[in-house]
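A.B. asks: I would like to see how this sequence folds:
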Amino acid sequence: MKPTKLAIFAIIFAMAAVAYADNTWVKAKGGSWEPNVSVLTAMKAGIEGHVKDGAEKQKRQLFGWNEYMFQYLTVELNGKKYILVNAHCGKRDPRELEDFRLILDGGSCYFSLKYDPEKKRYYDLFINGMG
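C.D. replies: Numbers count the residues shown, from 1 in each chain. Below you'll find the predicted structure:
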């Protein structure tokens, strides 16, 4: 059975959507360990709820979730593995996020937090203020 043009378009569109979603997460250069797929999947699965709850408690208004791009860096602190996450609003070339940088102002366009893959917990949510 030969696929129709509509079916081919649907497949290409679905593949592009998956590729775009992957581009919203960028691994920064210089991490100290390599997370496996299950660690990254668990981290990504819970981050939105955690950040939105934290923003509500802090009485802060976030941008739309789909407006953020994320960069992550793996680190070891006192023998424990963590993943540091920075969120940046606005879509950009993923190569711009390869260098891990903390941004200290810019309002809720930027936030950061730490993820503990062993405990599957998030810590230290910081939603930026206006400079």
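
A.B. asks: Need the residue closest to the centroid of this structure.
C.D. replies: F70 (3.2 Å; C-alpha atoms, centre = their mean).

A.B. asks: so who does that one touch?
C.D. replies: Contacts for F70 (C-beta atoms under 8 Å, 6 or more residues apart in numbering) come out as 24-26, 47, 85-88. C-betas here are computed from N, CA, C, even on glycine.

A.B. asks: closest to R95 among these?
C.D. replies: When the contacts of F70 are compared for distance to R95 (C-beta to C-beta), V26 wins out at 8.1 Å.

A.B. asks: helices or strands next to the one helix or strand that closest one maps to in the packing?
C.D. replies: Using DSSP states H and E, V26 sits in strand 25-27. Contacts defined by 3 or more C-beta pairs under 8 Å, 6 or more residues apart in numbering; DSSP states H and E place strand 25-27 against strand 68-77.

A.B. asks: Quick one: residues contacting H50.
C.D. replies: 113, 122, 125.

A.B. asks: swap that for W33, please
C.D. replies: 74, 76, 81.

A.B. asks: In PyMOL, select just the buried ones from the residues you listed.
C.D. replies: Burial among those is assessed by 16 or more other C-beta atoms under 10 Å; the matching PyMOL selection reads:
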select buried, resi 74+81
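
A.B. asks: a markdown table for the contacts of W33, including pLDDT and distance to G129?
C.D. replies: Below are those laid out as a markdown table (pLDDT from 0 to 100; distance: C-beta to C-beta, whole Å):
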| residue | pLDDT | distance to G129 |
| --- | --- | --- |
| T74 | 97 | 27 |
| E76 | 96 | 29 |
| K81 | 97 | 29 |
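
A.B. asks: Please convert the contacts of W33 to a markdown table, extending it with distance to S108.
C.D. replies: Below are these laid out as a markdown table (distance: C-beta to C-beta, whole Å):
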| residue | distance to S108 |
| --- | --- |
| T74 | 25 |
| E76 | 30 |
| K81 | 28 |
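
A.B. asks: which helix is the longest one in the protein?
C.D. replies: In terms of residue count, the longest helix belonging to the chain (DSSP state H) is helix 37-57.
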